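**Student:** got a predicted model here, sequence first, then my questions.
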Amino acid sequence: MIDAPITAAASDTEPTASAGPAASTIVATRYEVARAAELCALLREWPPVFPAEIGAPIRPLALGIHDALQALTRPEIDDAQLKQAVRGYCLGLGYLLAQGRSGAWRYDLAGNPVEPVSEEHRRTAWTRFKTVRAHRERIRMTRRAAQAAQATLAVSPVDDARPETDVSRSLA
């Protein structure tokens with residue numbers, strides 16, 4: 001969903017510093033919950049690290065989490081499906097914002113903090129956040145312009161007020 005809002009204020013300046021795993025919590029919107037549900041549908045159980053409801057915290061995943069997720073994957077799911085679902089979740093604005101915050105921590109599947117997000121990964125996430133947000137804003141503006149054009153066409157139809165002069169049409 002492209003029009004998904006971010007619940008935390010997001011400006012073009014880098015997030016402020018914070019300390020500890022509980023600091024600078026970003027909460028899930030329906031978009032992040034939907035992406036988490038798509039991912040967890042491929043698994044035998046819903047790991048606590050993923051938001052199950054709107055307002056739940058979004059937690060950056062531990063490095064190497066793919067192996068742990070593979071162990072939970074249902075037998076009929078192939079690795080490509082799992083990778084695509086993880087990518088969809090991790091490219092969400094909320095996830096990128098959570099990972100891009102100074103002082104952000106990575107979490108294991110049980111929801112336990114395991115290590116801080118490296119400065120390199122934090123900067124990359126913040127850059128991706130700004131890029132994805134700008135891309136979505138361009139799409140939103142294009143849609144609005146198209147809707148405005150449609151509304152203009154719908155409001156000003158061309159009316160032919162001339163009386164009907166064709167005898168064959170008036171008899172039918």
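**Tutor:** Ah, there it is.

**Student:** low pLDDT regions in the protein?
**Tutor:** The chain contains residues with pLDDT under 70 at 1-24, 156-172.

**Student:** where along it do the strands fall?
**Tutor:** Ranges of strands in the chain, per DSSP state E, are 26-27, 57-58, 105-107, 113-116.

**Student:** which secondary structure elements does the last one contact?
**Tutor:** Packed against strand 113-116 by the contact rule (3 or more C-beta pairs under 8 Å, 6 or more residues apart in numbering; DSSP states H and E) you find strand 105-107. C-beta coordinates here come from the backbone N, C-alpha and C atoms, glycine included.

**Student:** off-centre distance for the strand it packs on?
**Tutor:** Per C-alpha atoms, centre = their mean, to the nearest Å, the displacement of strand 105-107 from the mean C-alpha position of its chain is 19 Å.

**Student:** what comes into contact with that strand?
**Tutor:** Contact with strand 105-107 is made by 20-21, 49, 59-63, 113-117, as judged by C-beta atoms under 8 Å, 6 or more residues apart in numbering.

**Student:** just stretch 60-76 next, same as before
**Tutor:** With C-beta under 8 Å, 6+ apart as the test, stretch 60-76 has contacts from 42-45, 47, 49, 79, 82-83, 86, 90, 95, 98-99, 104-109, 114-115, 117, 125.

**Student:** from these, which land in helices?
**Tutor:** Judged by DSSP state H, the contacts of stretch 60-76 include 79, 82-83, 86, 90, 95, 98-99, 125 as members of helices.

**Student:** out of those residues, which comes closest to R136?
**Tutor:** Nearest to R136 among the ones in helices among the contacts of stretch 60-76 is Y95, at 14.1 Å by C-beta to C-beta.

**Student:** distance of the residue nearest to that closest one when sequence neighbours are not counted relative to G92?
**Tutor:** Leaving aside its sequence neighbours, Y95 sits nearest to I58 (C-beta to C-beta, 6 or more residues apart in numbering; 5.6 Å). I58 is 8 Å from G92, where distance means C-beta to C-beta, to the nearest Å.

**Student:** cool, V132 as well?
**Tutor:** V132 sits 8 Å away from G92 when distances are taken as C-beta to C-beta.

**Student:** more crowded one of the two?
**Tutor:** Taking neighbours as other C-beta atoms under 10 Å, V132 and G92 compare with G92 leading, 23 against 15.

**Student:** hang on, the more buried one packs against E32?
**Tutor:** Yes. Counting by C-beta atoms under 8 Å, E32 is a contact partner of G92 at 5.3 Å.
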